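>>> no letters, just coordinates:
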C-alpha cells in the first residue's frame, strides 16, 4: 500500500508517463501526415545492428503501442504492492524515464524515416 508523500510521487510519475505517451501519439499522427505512403520507419531493438525497417502504418502503431504498454506495466508495478520495498525515488522515476527514452527513440526513428525519404526523392 502506498501512503502520503509516496502516493503523490507515484501519481506524478504516472502523469508524466502519460504525457510522454501522449507525445508519442502526437508524433505518430504528425508523421502520418508528413511522411509519404511508401515510407519505412526504423524499429530499433537495442542497437544499430538490430534495426528493422517496417512499413509506415506498422511503425506508426508500434512506437506508441510500446509507450502505452511500458508506461502501463511499469506504472502499474510502481503503484502496486510489488514495489513496496523499492526506494521511493525508483518508484517515482522508473516509468517516466523509460517512457521518455521510448519517446526519444520514436522521434529519432521518425526523423530517420523523413531523412531517408528526402534522400530518395532528391536522387
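The structure has been received and is ready for your questions. Keep in mind that what you see is a predicted model, and the values were worked out from it rather than measured.
>>> may I see the buried residues of the helix or strand hosting residue 8?
With secondary structure defined by DSSP states H and E, residue 8 is part of helix 4-34. Neighbour-count burial for helix 4-34, counted by 16 or more other CB atoms under 10 Å, picks out 6, 9-10, 13-14, 16-18, 20-21, 23-25, 27-28, 31. For the C-beta atoms, the positions are set from N, CA and C on the backbone; glycine is no exception.
>>> residue 86: what secondary structure?
In terms of secondary structure, residue 86 is coil; the call rests on DSSP: H, G, I helix; E, B strand; the rest coil.
>>> return the residues in contact with it.
Contacts for residue 86 were tallied using CB atoms under 8 Å, 6 or more residues apart in numbering; they are residue 78.
>>> and what of residue 70?
Applying CB under 8 Å, 6+ apart, the residues contacting residue 70 are 95, 98-99, 102.
>>> which members of those residues are the farthest-apart pair?
Among the contacts of residue 70, the pair separated by the greatest distance (CB to CB) is 95 and 102, at 10.7 Å.
>>> so which of those two has more stuff around it?
It is residue 95, of residue 95 and residue 102, that has more neighbours when counted by other CB atoms under 10 Å, with 27 against 22.
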